[in-house]
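Colleague: I would like the atomic coordinates for the input below:
(chains A and B)
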Amino acid sequence: MVSIDGREHSDSLIRVRNLNKVYRRGGETINVLQGLNLDVEKGEFVAFMGPSGSGKTTLLNLLGGLDTPTSGTVTVDGDEITHMSGRHLASWRARHVGFIFQMYNLIPVLTAFQNVELPLLLTKLSKAQRRQHVETALNLVGLSDRMKHYPRQLSGGQEQRVAIARAIVTDPTFLLCDEPTGDLDRKAAEEILDLLTELESKHGKTILMVTHDPLAAKRADMVLHLDKGALVEAAQEAAAS
Amino acid sequence: MKYLPFIFRNLFRKKTRTILTIGSIAVALFLFGLLVTIETALNAGVDVAGVDRLIVRNKISLIMPLPFSYQDRLRQIDHVSEATFASWFGAVYQEPKNFFPQFAIDTDTYRTVYPEFEIADDEWQAFLADRQGAVVGRVTADRFGWKVGDRIPLQGTFLSGTWEFNIRAIYDGSRAGDDESQFWFHAKYLEENRTWGKGMVGWYTVKIDDPDQAVTVTKAVDERFSNSAYETSTETEQAFAAGFAKQIGNIRMLIMSIGAVVLFTLLLVTGNTMAMAVRERVPELGVLKTLGFGDMTVLFLVLAESLVIATVGGALGVGLAKLFTLGGDPTGGMLPVFYLSTGEMLMGIGIAVFVGLAAGSIPALTAMNLRIVDALRRV
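Modeller: Numbers count the residues shown, from 1 in each chain, chains lettered A, B, ... in the order given. This next block holds a predicted model:
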């Protein structure tokens, strides 16, 4: 069950408490997130919506340990990440977080196989074991026949599927998706959303997704709106309309 | 090792730039190899000079002679185990550009004083038996295609006329820096045929039984002949060779200066390449960090690229220089000892590695210190 009231939930996988993020630009202070609370259980699919500049991506960056909050805490599976050193945070990200970006962010000089293999280079797996994991991940996203293709030889939808394979190849604790369908046509977007839904329903993945697209948000178990730096629950129907 | 494919893929994302940078380093290290070879050639005499040998020359100038009678008087000085002599001949073969050092030597003592030159015994005996016989170094023999048994006419310069010699032996140096360009013949042949300067020799080489006594013997020799018509100036063979090299200027300083300029240029070229490579890949570096690549791993990846470029370029340049020097002296006799040693090759590659590390360090630190959110914003 997703909750934003800040009350203790013993079975939360992700627990955010009193999260504040302040940017200072010149003499101006911008409070992007203000006292934000969030609890997400394992296997849930949560969508974050809100206007541009509302702090959706900032929230995702803080949840993924890419940025540090001004105050407050983020705890994932018992690990409080807000006070981890840079080195520990990098290692934590490698083990626990799968990132999916709007622009796919594949490395252009690497094949689909090599792109998916990248996170596994940080593990102690042997070459044969890495190959097995990569093949499984690419098979899961339906691209086992495109392993040797470079990103420029793939369509946008296929590139995003490679990015998803890269995100899940280490079997992370949760997936963070930043506008995963934002650069795709409707058909490709539907395929990506089908894949994400399948990852949640069949493989029990916890997914947190930022989107502007109401149809994408509709696939989530819960849609949360960011409003004035805090989260507000929104009805599925409202999000779809 | 598992990062190698990634490093090589990155290196060749801009093939032209990488190849040009490697080429620049290769050219610079080729130049370095040649400079070191020339420096070695000019100082070869210094490096291989015997610690137990003194050169005794006329105090006025090297070109002024000393009497033949000094040989026995030198032998009487304490710690002198042998004294030999040689005279500069200065002839040319066929035309003036075919210049090489020719010495009229004392055949009875020369090999005792210079044991580093290796000659087959039967060839040496043949040389001793022939008053017109000559011994020639391997480099000069190869240069003119001479072999044992050939009859060689040399055109005298300060001693006029055509002088005929029979090649009876070819010598090799036993050490890498030994001069294999010399041409020796009997001092008696010179004495019998010269029209002036009879009874005189060019200089003496004295072998001493204890190198620690070099200073004492030097003083004793010069004192022995002081106030005579032919006063002497004696010094160790090493000091003599160094003085000879200095006559053409401070080559080492010149080469060091050129080398420093080359090194600095290399740093700029490689540093610029790596800085561009990092600037272009900021978002990708952000992605790597997002995936869990630590700051040190990112630093390593960028430094490794720089190192690969510099090392490949360096190895290529030094290898080309080695190939060039394998052809021997390109000046036709001015640099008889012309070779690039393994130590100097390793030094060249070491310089390349240093350039790679130094040039890559700032871009690598920039990459290491990138904030992920800033890097991803540049997508």
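Colleague: how about the helices in chain A?
Modeller: A:56-63, A:86-96, A:112-117, A:127-140, A:156-168, A:186-201, A:214-217, A:236-240 (DSSP state H).
Colleague: so which of those comes closest to chain B?
Modeller: helix A:86-96 (2.5 Å; CB to the nearest CB). For every residue, glycine as well, the C-beta is placed using N, CA and C.
Colleague: does any part of that closest one sit near chain B?
Modeller: Yes. With CB under 8 Å from any CB of the partner chain as the criterion, chain B is reached by helix A:86-96 at A:Gly86, A:Arg87, A:Ala90, A:Ser91, A:Trp92, A:Arg93, A:Ala94, A:Arg95.
Colleague: Around the closest residue to B:Ala358 other than its chain neighbours, count how many other residues there are.
Modeller: Excluding the flanking residues, the one nearest B:Ala358 by CB to CB, 6 or more residues apart in numbering or on different chains is B:Leu267, at 5.8 Å. When neighbours are defined as other CB atoms under 10 Å in any protein chain shown, B:Leu267 has 16 of them.
Colleague: what's the helix or strand for B:Leu267?
Modeller: helix B:251-280 (DSSP states H and E).
Colleague: what sits up against the next helix or strand after that helix?
Modeller: Of the helices and strands lying after helix B:251-280 in sequence (DSSP H and E), the nearest is helix B:282-291. Outside helix B:282-291, the residues within contact range by CB atoms under 8 Å, 6 or more residues apart in numbering or on different chains are A:64, A:66, A:90, A:93-94, A:99, A:101, A:105, A:107, A:118-119, A:122, A:166, B:278, B:295, B:297-298, B:301, B:367, B:370, B:372-376, B:378-379.
Colleague: Residue nearest the middle of chain A, spatially speaking?
Modeller: Nearest to the mean C-alpha position of chain A, by CA atoms, centre = their mean, lies A:Leu176 at 0.6 Å.
Colleague: so what's B:Val135 up against?
Modeller: Counted by CB under 8 Å, 6+ apart, B:Val135 has contacts B:Ile119, B:Glu123, B:Trp124, B:Phe127, B:Arg168, B:Ala169, B:Ile170, B:Tyr171, B:Phe183, B:Trp184, B:Phe185.
Colleague: Adding pLDDT, neighbour count and secondary structure, write the residues you listed out as JSON lines.
Modeller: Formatted as JSON lines, the contacts of B:Val135 follow (pLDDT from 0 to 100; neighbours: other CB atoms under 10 Å in any protein chain shown; DSSP: H, G, I helix; E, B strand; the rest coil):
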{"residue": "B:Ile119", "pLDDT": "94", "neighbour count": "17", "secondary structure": "coil"}
{"residue": "B:Glu123", "pLDDT": "95", "neighbour count": "17", "secondary structure": "helix"}
{"residue": "B:Trp124", "pLDDT": "95", "neighbour count": "17", "secondary structure": "helix"}
{"residue": "B:Phe127", "pLDDT": "96", "neighbour count": "22", "secondary structure": "helix"}
{"residue": "B:Arg168", "pLDDT": "96", "neighbour count": "24", "secondary structure": "strand"}
{"residue": "B:Ala169", "pLDDT": "96", "neighbour count": "21", "secondary structure": "strand"}
{"residue": "B:Ile170", "pLDDT": "96", "neighbour count": "21", "secondary structure": "strand"}
{"residue": "B:Tyr171", "pLDDT": "96", "neighbour count": "24", "secondary structure": "strand"}
{"residue": "B:Phe183", "pLDDT": "95", "neighbour count": "23", "secondary structure": "strand"}
{"residue": "B:Trp184", "pLDDT": "96", "neighbour count": "27", "secondary structure": "strand"}
{"residue": "B:Phe185", "pLDDT": "96", "neighbour count": "27", "secondary structure": "strand"}
